[in-house]
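>>> Pasted the sequence and its predicted model underneath.
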Amino acid sequence: MWTHQSIEYVTVAGEAWLASASEYPRSMRALWESQPWAPTVLPCGRTFDAVNLPGLFGRRVVDELWESGPGCGPVATHRGRILIFTEVGTAARLRSLLVWEEWARDVPPLLCHGQGDAITVPPVRRMVDAPEGPNRWIVAPDSHEPWLPGASVLLWACVRAARCPVAEGPADGVGVGADPAPRPTQTTTPLASSPGRLQLLDSASPWA
């Protein structure tokens with residue numbers, strides 16, 4: 001039997017939710033059963049959309065979702081970037097919102113994946129002592145119906161993250177506000193208040 005110490009995992013309910021994005025959910029579940037450590041490609045626009053952010057900025061946005069908002073849904077990394085799973089329809093709506101000049105100059109370019117797009121999903125299993133691959137879960141889905149942020153929630157998290165100074169050094173192409181005081185580093189993640197019963201894979205820090 002695997003545990004938090006021996007393996008990172010997506011629960012059975014989380015797997016069912018992910019598989020529902022596929023046109024053939026049963027085949028997807030069978031694939032994961034035979035190859036649980038292999039990443040897979042899933043289409044957007046049916047079960048979820050996804051917003052793809054630069055690595056450092058994406059981490060700040062996730063922090064903002066927890067600190068100033070309702071939390072987040074599943075989150076993954078892929079080749080150094082952050083994938084935030086969102087409500088269906090968020091990709092198109094967020095693209096429209098981000099062209100508004102009042103905040104477009106603050107937020108770095110984002111990739112919004114919706115209907116007709118597909119993303120690479122991390123493996124549903126990963127042995128802790130195995131070499132870390134280019135993509136993994138930061139917040140793994142563990143519910144049949146995880147809560148997912150919509151366009152307006154994500155937009156304001158992006159704006160707050162872009163306008164707040166950071167303590168960890170120069171941002172990755174993100175404009176910051178004029179206040180020279182560094183932003184406090186988040187040391188804990190509020191799990192109990194999660195509206196979607198999300199599983200945070202590293203209790204000390206989601207970015208370890």
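Sure thing, it's come through.

>>> Show me what the residue nearest in space to the middle of the chain bridges to in the sheet.
Nearest residue to the geometric centre of the chain (CA atoms, centre = their mean): residue 75, 2.2 Å. Residues in a beta bridge with residue 75, per DSSP bridges, are residue 84, residue 139.

>>> quick one, helices of this protein?
12-19, 25-34, 55-67, 90-97, 101-104, 151-163 (DSSP state H).

>>> Low-confidence stretches in this structure?
By pLDDT under 70, the low-scoring segments of the chain are 1-8, 101-104, 130, 132, 165-208.

>>> Recalculate using a threshold of 80.
1-9, 69, 100-106, 126-134, 164-208 (pLDDT under 80).

>>> how deep is the spatially closest residue to residue 160 that is not a sequence neighbour tucked in, by neighbour count?
Residue nearest to residue 160 in three dimensions, not counting chain neighbours: residue 64, with 4.9 Å by CB to CB, 6 or more residues apart in numbering. (Glycine included, C-beta is placed from N, CA and C.) By other CB atoms under 10 Å, the residues close to residue 64 number 22.

>>> quick one: residue 64 from residue 136, how far?
Taking CB to CB, to the nearest Å as the measure, residue 64 falls 21 Å from residue 136.

>>> ok, the closest residue to residue 80 other than its chain neighbours - contacts?
In space, residue 80 comes closest to residue 55 once its chain neighbours are excluded; the distance is 4.8 Å by CB to CB, 6+ apart. Each residue near residue 55 by CB atoms under 8 Å, 6 or more residues apart in numbering is listed here: 77, 80-82, 172.

>>> got it, and residue 90?
With CB under 8 Å, 6+ apart, residue 90 has these contacts: 49, 51, 112, 114, 148-151, 154.

>>> Closest to residue 93 out of the residues you listed?
Comparing the contacts of residue 90 against residue 93 with CB to CB places residue 151 closest, at 3.7 Å.

>>> before we move on, back to that, surely the residue nearest to residue 160 and residue 161 touch.
Yes: between residue 64 and residue 161 there is a contact under CB atoms under 8 Å: 4.9 Å.

>>> From the contacts of residue 90, list just the buried residues.
By neighbour count, with 16 or more other CB atoms under 10 Å, the contacts of residue 90 hold 49, 51, 112, 114, 148-149, 151, 154 as buried.

>>> Same list, these, but as CSV with distance to residue 27 please.
Converted to CSV, these look like this (distance: CB to CB, whole Å):
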residue, distance to residue 27
49, 23
51, 27
112, 28
114, 23
148, 24
149, 29
151, 31
154, 31
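
>>> Thank you kindly, that will do.
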